Every structure is written in C-alpha cells, then in structure tokens.
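[1] Structure here, sequence nowhere to be found:
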DNA sequence: GCCAAAGCGGAACGTCGTTCCGTATGGTTC
DNA sequence: GAACCATACGGAACGACGTTCCGCTTTGGC
C-alpha cells in the first residue's frame, strides 16, 4: 500500500535494491513459508528471522508489518484462487454449483494454512493490510458468482459478498487442529442455506 | 475443576474461606465483568486487578486461569441459555423453529460479549476449561434440539451438535466490531442450510 | 583502493502473562 | 484483650514477545 509497489509485477526486474537485500528478502520469504507450515502464521518473529539466518531488524525493513509478510507468502495462491472464480463460472454447471466449487477451493486453501483463518479475522492493528488484500482480491470474485446465481434465480438475494466471505473465513478457524470440526461441511451447509428464494426462516 | 467447587451452588454459603478472600473474589468478578464490557474478554490481567483494587497475584489465586474467570463471569448467562433450550422445544412451533430461536439466543449472547467468541475457539493452552464449559453445557441442548428436528424429518441427519456449535461460535467472531458483518444473518443461513433432507450440494 | 549510501544484526525497550515470596490480616485460642 | 498461625495479599521479578533504534558491515560506483 504505502511503499513503491509500482513496478515489481514484471519479469524479474527489481533492480533498485542492492543485491544482498534482494537475496535476504527471498530467504525471508522461503523461511517464513517453511515456519508458517510448522508453527502457524503467528510464529514468533525471531523464529522466522533465525530460520532465514537474518536479524529481526531485517524482517521489519522488508516487511514493515507481519501482514505484509503473510501477504507476500500467500499472494500467488490467493491470486490463483481469485482467478479460478470466473473459470468455474464459465465451465461449471449452474452458477450456484460454481459458487460451491469456488468456495470449496478457498476453504481448502485456508484450512491448510495453520492459523491463517484465525489471523484473517483478527481486528488487531497491523492486520488491516492482510484483511484488505484478501477482501479486495476475493470479494469481487465472490460477488460475481453470487450475482450470477442470483440472476439465475438460484439463491435468495439479500446476502452480500463481503459478509459471506467473512463468514466462510470464520468457519475455517480452528479447522486444522480439531478432527471433530469439519469446516468444509459447515461451509457447504452455509452455501446450501443460500439456496431457494422461497422463505428464509420466518415463514412470512 | 481443580479447587473445591463442591458446595457453592446453594444459598449464600461458602464459609470455608476467609472473609476478605470472599470479598475480593466478588470484587474481582464485578471488576472483570465491567472491564470485559469496555476492553473485551482479553483485557490485560493488570487492568482487571487494578479495577478490582487488588494485586495480580490475587487474580491468579482465585482464578488460576483466565478461562476460570471468564466462566465465572458468564456462568449464569450460559446456564440460562442452556435452560432455554428445552423450554423453546416444548413451547415453540416446530423443532426446527425452536432450534432457530435457541441459536439466535446464543448468538445474541456471544455477539454482545466483546471478543468472547474469538477466545472461545482459541486453542491456546489454558482455555480448555472455557471451551469445555461452553461445550459441556450447550452441546447437549443443541443435540436435543437437533434430534427433535431430525425426528420430525425437518433436517438432514448427518450433522452433529458439536460441529454445529463450533461453527456458530466461529460465525460470531468479530461481529461486534464490524457493522458490515451480520453474524445473526449468517447463522440463520447456516441453520436454513440444515433443512430439507433432500440433497446437499452435489445432486446425487 | 576509497567512500558514501544502503543494509544489517541484535541489543534495548515496553507490554503482557505468570510465578514467587515477604508481609499483612482474619480468626482462633487462651 | 493478646498472641499465634494459617490464609491471603501485593507487587516485584521473570520470561516471551513485538517493535524500534543505532553502531557496524557490506555493496557498488568512482
């Protein structure tokens, strides 16, 4: 958000920085990914620094906030998920089915990232960027699927993508550490509850 | 769990302890309730101690774990919620409607307790007791409602009370601090998704 | 080889949960 | 009323953590 993220997207060019700086950033990314797997996304900063063989200062220089680090680690996967949305909509059977499949994709992603879902909802300062990134990237996709299903008359119309995404994220919390809790199943139920524009709960 | 919680349930008799000890415990309970409202259930221990006018050591003596304090503060409300279950089942229209009303009651309780839902799912050590208390108290009630609805043929049968309660709890996380997120609505959808034993998502 | 700028490591600081122990207090006994 | 001791109290002390800051090292252009 704040720093110069203008270029960066192209081939392999990020020549503005010194070589060792780029190398350290890379090492940090790799180390963080590894540590996240074993200790969860809220692993101590020092652990990540140690795993990368750098000092803690170096982490904060490259990733001012933990959220920035998490985003950097998972950016590719989130983007892939976002891009899968339209594809599913085009190739799938009904919009509602496509929505279900896409959501399952997202849930699979979240559930396999130890603690990500938990941190994703956290309103602690500093995680705003993480929040925003996921939301910016995924809510529009979800909205598109929702809109298509709505247009097809498959779902009730009074639910918005933002709330739904947050709900799905919340349902994934703790899923990785409790075998009795099946987040996938509950999300399925939630999506199923979206169906049928007849009457909600109150029979009016 | 550990200390002598044997009596305590009766009138006002808990004479085994010293007078000041009882007074402090009471002050702590009141202070905690007040602080929880303003700063959430994960307010710093020192704040609670200060609000009660005692030292931190006193908190830990009376409530070895933060979970114990939280349980003590909300015990009455949780119990009331648990007891409302059978009443709703007896008085309500259909079992599924009763389930919906009961769940709404629980959601209302959770949503108004700043941060409770968040801490309720947390698998950090020390919160096991809190977890266990809520689950022990509410899962059986939920199971009873679920069973009744199942017997009436109103819901699909392959969801268990534990997972459902955890899902509802999760959906309530962050509801108090985000006006765009309507936990009540999502829980309604989830309950609605329970309905109709026809076919889940896959059409088989 | 020289030098500024860029980058680095890790010590230092503040916050928090938790433990521990010297001291104060309540209740009991004479 | 005084003395005694178990009970309970307060808060200092400790360790883990996030975050900041600064003296030193490395890099890359000259």
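    Cool, the structure landed. The structure presented is a predicted model; accordingly, all values stated were derived computationally and were not measured.
[2] Show me what the worst-scoring helix or strand of chain A on mean pLDDT packs onto, helices and strands only.
    Every helix and strand in chain A was compared by mean pLDDT, DSSP states H and E; the lowest is helix A:116-121, with a mean of 90. For helix A:116-121, the elements it packs on are helix A:66-91, helix A:95-111, helix A:128-151, helix A:161-171, judged by 3 or more CB pairs under 8 Å, 6 or more residues apart in numbering or on different chains; DSSP states H and E. In this view, the C-beta of every residue, glycine as well, is placed from N, C-alpha and C.
[3] In that helix, which residues are buried?
    A:116-121 (16 or more other CB atoms under 10 Å in any protein chain shown).
[4] Report the two of those residues separated the most.
    Using CB to CB, those span at most 10.1 Å, a distance reached by A:116 and A:121.
[5] Need the residues touching each of those two.
    Residues touching both residue A:116 and residue A:121 by CB atoms under 8 Å, 6 or more residues apart in numbering or on different chains: none at all.
[6] What parts of chain A come near DNA strand C?
    A:17-18, A:20-21, A:24, A:53-58, A:60-62 (CB under 7 Å from any atom of the strand).
[7] Let me see the contact set for the residue most central in space within chain A.
    Of all residues in chain A, the one closest to the mean position by CA atoms, centre = their mean is residue A:134, 4.8 Å from it. Residue A:134 makes contact with A:78, A:120, A:165, A:169, according to CB under 8 Å, 6+ apart.
[8] if you set the cut-off to 10 Å instead, what comes out?
    A:70-71, A:74, A:78, A:81-82, A:106, A:110, A:116, A:120, A:165-166, A:169 (CB atoms under 10 Å, 6 or more residues apart in numbering or on different chains).
[9] pLDDT at it, what is it?
    Looking at residue A:134, its pLDDT is 95.
[10] ok, it to residue A:19 distance?
    Going from residue A:134 to residue A:19 by CB to CB, to the nearest Å gives 32 Å.
[11] and the residues of chain A next to DNA strand C, which are buried?
    A:24, A:54, A:58, A:62.
[12] how about the residues you listed, which pair is most distant?
    Checking those with CB to CB, the most distant pair is A:54 and A:62, at 9.1 Å.
[13] Need the residues touching each of those two.
    Joint contacts of residue A:54 and residue A:62 (CB under 10 Å, 6+ apart) are A:24-25, A:28.
[14] Narrow those residues to those in helices?
    Using DSSP state H, the subset of the shared contacts of residue A:54 and residue A:62 located in helices is A:24-25, A:28.
[15] ok, the buried ones among the residues of chain A next to DNA strand C vs residue B:151, which is closest?
    Nearest to residue B:151 among these is residue A:62, at 59.1 Å by CB to CB.
[16] pretty sure the closest one is touching residue A:23, no?
    No. Contact criterion CB atoms under 10 Å: residue A:62 and residue A:23 do not qualify, at 11.1 Å.
[17] Regarding the residue of chain A found nearest DNA strand C, which helix or strand does it belong to?
    Relative to DNA strand C, the nearest point of chain A is residue A:57 (2.0 Å; CB to the nearest atom of the strand). Using DSSP states H and E, the element containing residue A:57 is helix A:56-62.
[18] so, in contact with DNA strand D or not, that helix?
    Yes. Applying CB under 7 Å from any atom of the strand, one finds helix A:56-62 touching DNA strand D at A:56-57, A:60.
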